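S.K.: Here is my input; please provide its structure:
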Amino acid sequence: MSVNQALIGSNPSLRALSSETLDNLSAKAIVRRLAHGELWVSRTERASGIAIIVEGGLRSTTFTAEGKEYVFSIMKKGDIWGLVSTIDGVHNANDVYAHGDTTILTIDRRTTLVCMEAHADFSRCLMEILCHRLRMANKVLEDRALQPIDVRLARLLLSLRGNAGSGAHPDEVHITQEMLAKMLGCTRPTVNRKLQELELDRVIESSYGYIHIRDLGRIMKLSGQSDYFYF
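M.R.: Residues are numbered from 1 along each chain as shown. Have a look, this model is predicted:
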């Protein structure tokens, strides 16, 4: 088995693929490496294909009419980026940057579409991923309208656990307060105040760009449900 086959086959969302499907996908797959903060694709571009995140992450951002940045999501190791734009051929919805030093395995649009038509197992995997993404997007919108900041912060921290790569502790979150504020749609002072409250209660410990969850049970309780993830 080639390195590309191993990388694709070990992905949690693609483990059910047949050896034939893996062969066809891996034959055209290319490994790309991005430095932290490097632009991967802008909203003015069409996706050249899908990207399987091997290490690091991809941060999707957009801007309001007033120029305020909103971070829509941070995709982590194992996630697959670019499905919508690859399938429909429309411009990407957001600007996408590397979050941490990032390695991705890219598969061009033509190969992706041909494999979707030729291999039902691949199409089924992608449909399941898209259904999950839609469900999560609905939950984010619902939370923005109905849930207090304490609950949304707890759920976001649970979603971001272990986002620093394979060498990170599973209860570490590598992110700045400014970035958390952009993801939550609130101000940085609000995030700072809420994190200080959690730190005083010994639920977390934090420093610049780093949060360690000391009491996972408390965070899960604050989130309202232990299996809740935004992405």
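
S.K.: Would you map the helices across this protein?
M.R.: Secondary structure of the chain (DSSP state H): helices located at 3-9, 19-26, 83-88, 109-118, 120-146, 149-160, 177-184, 188-200, 216-223.

S.K.: what's the closest of those to Arg43?
M.R.: helix 83-88 (9.9 Å; CB to CB). (Each C-beta comes from the backbone N, C-alpha and C, glycine too.)

S.K.: Run through who's touching that closest one.
M.R.: By CB atoms under 8 Å, 6 or more residues apart in numbering, the residues outside helix 83-88 that reach it are 46-47, 49-50, 90-93, 109, 112-113, 116, 126, 129-130, 133.

S.K.: Which entries within these meet the buried criterion?
M.R.: Neighbour-count burial (16 or more other CB atoms under 10 Å) applied to the contacts of helix 83-88 gives 47, 49-50, 92, 109, 112, 116, 126, 129, 133.

S.K.: Go through the contacts of helix 83-88 and name the one nearest Thr187.
M.R.: For those, the closest approach to Thr187 (CB to CB) belongs to Ala93, at 25.0 Å.

S.K.: From what I see, the closest one and Thr61 are in contact.
M.R.: No - at 10.5 Å, Ala93 does not count as touching Thr61 under the criterion of CB atoms under 8 Å.

S.K.: Look up how far Gly56 lies from the closest residue to Arg32 other than its chain neighbours.
M.R.: Sequence neighbours aside, Ile104 is the residue nearest to Arg32 in space, at 5.1 Å (criterion: CB to CB, 6 or more residues apart in numbering). Ile104 sits 8 Å away from Gly56, going by CB to CB, to the nearest Å.

S.K.: can you pull the contacts of the most centrally placed residue in the chain?
M.R.: Centroid check for the chain by CA atoms, centre = their mean gives Met75 as the closest residue, at 1.3 Å. Met75 makes contact with 53, 57-60, 81, 231 under the criterion CB under 8 Å, 6+ apart.

S.K.: swap the cut-off to 7 Å and go again
M.R.: Contacts for Met75 (CB atoms under 7 Å, 6 or more residues apart in numbering) come out as 53, 57-58, 81, 231.

S.K.: Where neighbours are concerned, which of these has the most?
M.R.: Counting neighbours by other CB atoms under 10 Å, Gly57 comes out on top of these with 26 neighbours.

S.K.: Leaving out the residues flanking it, which one is nearest to that one?
M.R.: Among residues not flanking Gly57 along the chain, His99 sits closest, at 3.8 Å (CB to CB, 6+ apart).

S.K.: what's the distance between the one you found and Thr190?
M.R.: For His99 relative to Thr190 (CB to CB), the value is 22 Å.

S.K.: can you check Glu45 too?
M.R.: Applying CB to CB, the value for Glu45 to Thr190 is 34 Å.

S.K.: Check the separation of the first and last residues in stretch 76-89.
M.R.: End-to-end distance for stretch 76-89, by CA to CA, to the nearest Å: 24 Å.

S.K.: what pLDDT, on average, does stretch 125-143 get?
M.R.: Averaged over stretch 125-143, pLDDT sits at 91.

S.K.: do the same with stretch 159-169
M.R.: For stretch 159-169, the mean per-residue pLDDT is 64.

S.K.: and if you look at stretch 67-77?
M.R.: 86.

S.K.: For this protein, give me the ranges with low pLDDT.
M.R.: Within the chain, the stretches with pLDDT under 70 are 1, 162-169, 225-229, 231.

S.K.: how does it divide into domains?
M.R.: Domain assignment for the chain by automatic domain parsing gives 3-141, 147-223.

S.K.: which of His99 and Thr190 has more neighbours?
M.R.: Of the pair His99 and Thr190, His99 is the one with more neighbours under other CB under 10 Å, namely 26 against 15.
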